[in-house]
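> got a sequence here, can you build the structure:
(one chain, ligands or ions: 2)
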Amino acid sequence: MDFSLTEEQLLIQQAAKDFAHNELLPGVIERDEEQKFPLEQVKKMGELGFMGMMVDPKYGGSGLDTISYVLVMEELSKIDASASVVVSVNNSLVCWGLETYGSDLQKEKYLSRLSTGERLGAFCLSEPEAGSDATSQKTTAKDKGDHYVLNGTKNWITNGSSADIYLVIAQTDIEKGHKGINALIVEKGAEGFEIGPKENKLGIRGSDTHSLIFNDVKVPKENRIGEDGFGFKFAMKTLAGGRIGIAAQALGIAAGAYELALKYSKERKAFGTEIYNHQAISFKLADMHTQIEAARHLVYKAAWDKDQHQNYDLSGAMAKLYASQVAMDTTIEAVQIHGGNGFVKDYHVERLMRDAKITQIYEGTSEIQKIVISRSIINK
Ligand code: CAA
Ligand code: FAD
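Ligands and ions are numbered 1, 2, ... in the order given. You can find the predicted model right below:
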């Protein structure tokens, strides 16, 4: 067993840390307040190779491992979770799915530009009546011979208006249940494809979340990913890896809040001494540090499982379940350690607390992770 990172992984971690401090930190409060998408920053992350980290260099990617990816997600999320979710969706839900299951033509046409950040992707599974219950897809993709006709509404779509390429899950044959579902590549601007209004959110406010409406949108058959009826398995397999990225996001949010709380506890004085000298504060810091380290082990282990080509459904779900709880607990305590200052925007911890909550909801709620975990351990 070797817990050390390689020299390459350490360099990538440092590059992400530097980028987060130099490029994401300035303006992060304003972007949150104004719900402004970090467009410039995403372009720069593309140049740094963060948008297609695990993609083969022959398709414009960085050819790195999942450990490097979670290290980057962690560092970016310490500062700006709105920016890191853009990275997460593009890397794990869009590029990974296309590279693993896409045709040569789809990889040539779409992957190469997505992995460099020249184009941005979105993953569209959720619907008004199909969130956790993802097999209940109401969006239809009628088979018309050489093309599909897409009708329906997706909601909560990350990169909803900023994306160029959308992976859309839809029901082709209701009789076949989840085996009648397909995953289709839809380009922005397709006739009948409309982007709904932006959601006004509690957290990750810099990320643009929209509903999408499809009205008789023609999608060529060559844009179907995998065999007919593979769409639901495609979504599940893709989400299994996506959950590792969100677990790393949760870890980063927790670690970012902890670092701020530790620093503040050494600066702020009360009753004639720095507040860390009060055991009530130092014990909070001890709990935070321990829980973050435990979350980190789960996240890195899930990433390692994926890199070793072992099953990561269970380890990814456990990492997301635990790290997202640690993100909530840690950020709430970080606000507490900051006292009144924790309640105002300048100190960052209130934003981290608001951002933490989404990690328990998207890419499968905590309750859904428990379904995945319990089914996996019972069937072992
Ligand atoms: N890998 C491969 N196949 C899988 C799988 C996996 N990890 N998980 C399930 N499947 C397969 C099953 O084997 C089954 O196929 P067979 O009948 O051929 O065996 C099929 O999928 C249906 O599975 P279930 O019977 O288990 O389906 P279910 O209705 O009980 O639901 C669920 C399972 C795990 C709850 C699933 O519906 C789920 O994951 N729900 C949560 C949805 C979700 O995570 N949405 C996230 C949207 S994206 C997002 O949120 C992005 C973002 O914010 C940034
Ligand atoms: P519901 O499924 O209605 O769940 C409501 C509550 O019931 C939850 O607590 C849930 O855990 C619980 N529950 C439901 N079923 C069970 C059960 N069987 N057992 C126990 N408890 C249960 N989706 C995408 O496809 N693409 C995206 O890019 C995307 N980005 C998102 C970004 C944001 C900011 C948000 C808020 C959501 C995003 N989502 C996206 C959607 C997200 O994945 C769903 O919100 C999530 O899967 C939950 O679905 P729901 O909101 O319909 O909740």
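
> can you classify the closest residue to ligand 1 within the stretch 151-300 of the chain by secondary structure?
Nearest to ligand 1 in the stretch 151-300 of the chain, going by C-beta to the nearest ligand atom, is residue 236, at a distance of 3.4 Å. In this view, the C-beta of every residue, glycine as well, is placed from N, C-alpha and C. With DSSP: H, G, I helix; E, B strand; the rest coil as the basis, residue 236 sits in helix.

> run a quick neighbour tally on it.
Using other C-beta atoms under 10 Å, residue 236 has 16 other residues around it.

> tell me the pLDDT at it?
Note for residue 236: predicted pLDDT of 98.

> partners of the residue of the stretch 201-350 of the chain found nearest ligand 2 in the sheet?
Per C-beta to the nearest ligand atom, residue 209 is where the stretch 201-350 of the chain lies closest to ligand 2, at 4.6 Å. Beta bridges link residue 209 to residue 158, judged by DSSP bridges.

> neighbours around it, how many?
Neighbours of residue 209 under the rule other C-beta under 10 Å: 22.

> pretty sure it contacts residue 154?
No: look at residue 209 against residue 154 with C-beta atoms under 8 Å: they stay out of range, at 11.1 Å.

> skipping adjacent residues, who's closest to residue 287 in space?
In this structure, residue 287 finds its nearest non-sequential neighbour in residue 333, 7.5 Å apart by C-beta to C-beta, 6 or more residues apart in numbering.

> helices of the protein, start to end?
7-19, 28-34, 39-48, 66-79, 81-88, 96-101, 104-106, 112-114, 231-267, 279-307, 313-337, 349-358, 366-378 (DSSP state H).

> and residue 161, which of those helices is closest to it?
helix 39-48 (11.1 Å; C-beta to C-beta).

> so which residues make contact with that closest one?
15, 19, 23-24, 51, 80, 83, 86-87, 116-118, 120, 162 (C-beta atoms under 8 Å, 6 or more residues apart in numbering).

> try it again with 7 Å
Helix 39-48 is contacted by residues 15, 19, 23, 24, 51, 83, 86, 87, 116, 117, 118, 120 when judged by C-beta atoms under 7 Å, 6 or more residues apart in numbering.

> as JSON lines, those residues with distance to residue 253 would be great.
Formatted as JSON lines, these follow (distance: C-beta to C-beta, whole Å):
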{"residue": "15", "distance to residue 253": "20"}
{"residue": "19", "distance to residue 253": "17"}
{"residue": "23", "distance to residue 253": "18"}
{"residue": "24", "distance to residue 253": "13"}
{"residue": "51", "distance to residue 253": "21"}
{"residue": "83", "distance to residue 253": "12"}
{"residue": "86", "distance to residue 253": "15"}
{"residue": "87", "distance to residue 253": "14"}
{"residue": "116", "distance to residue 253": "27"}
{"residue": "117", "distance to residue 253": "23"}
{"residue": "118", "distance to residue 253": "28"}
{"residue": "120", "distance to residue 253": "22"}
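
> which of those residues lies closest to ligand 1?
residue 86 (9.2 Å).

> if we can go back for a sec, could you double-check that the residue nearest to residue 287 lies in contact with residue 283?
No: taking contacts as C-beta atoms under 7 Å, residue 333 lies outside contact range of residue 283: 10.2 Å.

> when these two are compared, which one has more neighbours?
Just comparing residue 333 and residue 283: by other C-beta under 10 Å the higher neighbour count belongs to residue 333, 23 against 10.

> domain map for the protein?
Here the domain assignment for the chain is 7-120, 122-229, 232-379, based on the TED database.

> out of the ones you listed, nearest to residue 1?
Between residue 1 and the domains of the chain, the shortest gap by C-beta to C-beta is with domain 232-379, which sits at 10.4 Å.

> for this structure, give me the ranges with low pLDDT.
380 (pLDDT under 70).

> interface residues of it facing ligand 2?
With C-beta under 6 Å from any ligand atom as the criterion, the chain meets ligand 2 at residues 89, 123-126, 131-133, 156-158, 201, 204, 209, 358, 361-365, 367-368.

> buried members of those into ChimeraX, please.
To isolate in ChimeraX the members of the residues of the chain next to ligand 2 that are buried, counting by 16 or more other C-beta atoms under 10 Å, one can use:
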select :89,123,124,125,126,131,156,157,158,201,204,209,358,361,362,363,364,365,368
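
> just the ones of the residues of the chain next to ligand 2 in strands?
Counting by DSSP state E, the residues of the chain next to ligand 2 place 123, 124, 156, 157, 158, 209 in strands.

> got phi/psi on the residue nearest to residue 82 when sequence neighbours are not counted?
Leaving aside its sequence neighbours, residue 82 sits nearest to residue 206 (C-beta to C-beta, 6+ apart; 3.0 Å). Phi and psi for residue 206, reported as degrees, to the nearest 10, are phi -80, psi -20.

> list the contacts of residue 173.
Contact analysis of residue 173 by C-beta under 7 Å, 6+ apart lists residue 180.

> and it, how far from residue 93?
Separation of residue 173 from residue 93 (C-beta to C-beta, to the nearest Å): 24 Å.

> how about the residues of the stretch 1-150 of the chain by ligand 1?
Contacts of the stretch 1-150 of the chain with ligand 1, taken as C-beta under 6 Å from any ligand atom, map to 85, 89, 123, 125, 126, 132, 134, 135.

> mind doing that once more with 5 Å?
When proximity is defined by C-beta under 5 Å from any ligand atom, the stretch 1-150 of the chain lies next to ligand 1 at 125, 132, 134, 135.

> can you name the residue of the chain nearest ligand 2?
With C-beta to the nearest ligand atom as the measure, residue 131 is the residue of the chain nearest to ligand 2, at 1.8 Å.

> any idea how far residue 362 is from that residue?
Counting by C-beta to C-beta, the gap from residue 131 to residue 362 is 10 Å.
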